[in-house]
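# Based on what follows, work out the 3D shape:
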Amino acid sequence: MKFGLDRLLADPALRKPLEGKRVALLAHPASVTADLTHSIDALVASGLNVSAVFGPQHGVRGDLQDNMMESPDFTDPTYGMPVFSLYGEVRRPTGQSMGTFDVMLVDLQDVGCRIYTFVTTLLYVLEAAAEHGKAVWVLDRPNPAGRPVEGLTLLPGWESFVGAGPMPMRHGLTLGELGHWFIDHFKLDVDYRVIAMEGWEPDAAPGFGWPADRVWINPSPNAANINMARAYAGTVMLEGTTLSEGRGTTRPLELFGAPDIDARAVIAEMRRFAPAWLAGCTLRDIWFQPTFHKHVGQLCSGVFIHAEGPGYDHQAFRPWRVQALGFKAIRRFYPAYDLWRDFPYEYEFGKLAIDVINAGPGLRDWVDDAAAESRDLDTLTGPDEAAWTAERQRFLLY
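Numbering: from 1, shown residues only. As a prediction, this is how the structure comes out:
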């Protein structure tokens, strides 16, 4: 199969509308061709006039680790064009930076989750392009989490940098498709084009969204593999808790744990409370010691989520519910556990991070309600998931 970038480079007819235009590129380390040439180098070599580069959270170089670690602007040392950070002094393109190009090419590898900030950056770029009369092309890439939909839909008033619009946590769209949805939902008047992939089969084994013949490159420092991308719609919620999500280990956002829990007991309670929610994956109790971040240097008892191997069922796996169940098991086993982490999360102040992540208090309320059963969360979430599945249908390109 071919990604959007590879199709653009291979077909002069696709590039022809860019002749004589100043072209900007929004990219990160995973913005590479099939032969692993970075898109900046490949687009310059194709003859396009690349006049500016933009970087999302973690930067064009992908060097910055965590929440609210900002990237500076700089000058590209190879080509001399300006590199503008969209996660630094500003998160929306400024009028000055918008004046450096005519068409912006967006070549970002996403992981299929509302909270992954590249989604919001795309919306901000589209809104700026509509305001300044610029064109935006998305060079489409696979959604490695595939088409399944899961999680609570963002509530009105809970918009943030990790909540661009009323979609569930696991949205099941590519960035190119999301761009069409943004334009329709927010009624944007913008010159928008998607250079679609060729041959993407999101329901096909073994990748279920990620083609087996393509190398995985971290789009952000802790997005190390496909297992993480599959689990992320659940494990990202750990960022709003006192539990470690594995930062400071070699497998971040594929596990959870802490020094003061018994992982085997937690897994047993998860299996007892809502066994159906564990379909499609395998849980394994582990020990780990973070080298930085939460519980640094402490031995943690943890749970590893395997969304891979012979036990993986793509259609059955529900990562958001798996992680919600982990929280519920800890709350039931340790009723007084200090679970929710109170700190500024993605520039939102005065709200608990877990609520910012879930775009409302519904998940936290369910975890903390001693009488709540698994069916109560299904009842809360199911209509959102069904509504989104129906709404997104007309935006599917594949």
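# Roughly how far does the nearest residue in space to residue 98 that is not next to it in sequence sit from residue 188?
Among residues not flanking residue 98 along the chain, residue 132 sits closest, at 4.4 Å (CB to CB, 6 or more residues apart in numbering). (Each C-beta comes from the backbone N, C-alpha and C, glycine too.) For residue 132, the distance to residue 188 (CB to CB, to the nearest Å) stands at 12 Å.
# Looking at those two, which is more packed in?
Applying other CB atoms under 10 Å to residue 132 and residue 188 shows that residue 188 carries more neighbours, namely 17 against 14.
# The residue nearest to the more buried one when sequence neighbours are not counted: which element?
Residue nearest to residue 188 in three dimensions, not counting chain neighbours: residue 130, with 4.6 Å by CB to CB, 6+ apart. Per DSSP states H and E, residue 130 falls inside helix 118-132.
# Now do the helix or strand that comes right after that helix against helix 118-132, angle only.
If you walk from helix 118-132 toward the C-terminus, the next helix or strand you reach (DSSP H and E) is strand 135-139. With axes from the mean of the first three to the mean of the last three CA atoms, to 10 degrees defining the directions, strand 135-139 sits at 150 degrees from helix 118-132.
# Check which element follows strand 135-139 along the chain.
helix 175-185.
# Which elements pack onto that next one?
Helix 175-185 is packed against helix 118-132, strand 135-139, strand 191-195, with contacts defined by 3 or more CB pairs under 8 Å, 6 or more residues apart in numbering; DSSP states H and E.
# For it, give me every contacting residue.
The contact list for helix 175-185, computed with CB atoms under 8 Å, 6 or more residues apart in numbering, reads 4, 106, 108, 110, 118-119, 122-123, 126, 136, 138, 140-141, 164-167, 171, 173, 188, 190, 192, 194-196, 392, 395-397.
# quick one, helices of the protein?
According to DSSP state H, the chain carries its helices in the segments 4-10, 12-15, 39-45, 95-98, 118-132, 175-185, 226-235, 263-273, 319-333, 353-358, 362-368, 374-391.
# Residue 158: which of those is closest?
helix 353-358 (7.5 Å; CB to CB).
# quick one: contacts of the closest one?
115, 151-152, 158, 160, 162-163, 169, 236-237, 239-241, 340-343, 345-346, 348, 361, 363-364.
# Just the buried ones among these, please.
Buried members of those, scored by 16 or more other CB atoms under 10 Å, are 115, 151-152, 158, 160, 162-163, 169, 236-237, 239-241, 340-341, 345-346, 348, 361, 363-364.
# ok so, going back, closest one to residue 299 among the helices of the chain?
With CB to CB as the yardstick, what comes closest out of the helices of the chain is helix 263-273 (11.7 Å).
# same for that closest one, what does it pack against?
Using 3+ CB pairs under 8 Å, 6+ apart: helix 263-273 touches strand 282-288, strand 300-306, helix 319-333.
# Between helix 319-333 and that helix, find me the angle.
Using the same axes, to 10 degrees: helix 263-273 against helix 319-333 is 110 degrees.
# Work out the gap between helix 263-273 and the centre of the chain.
Averaging C-alpha positions (CA atoms, centre = their mean, to the nearest Å) puts helix 263-273 28 Å from its chain's average.
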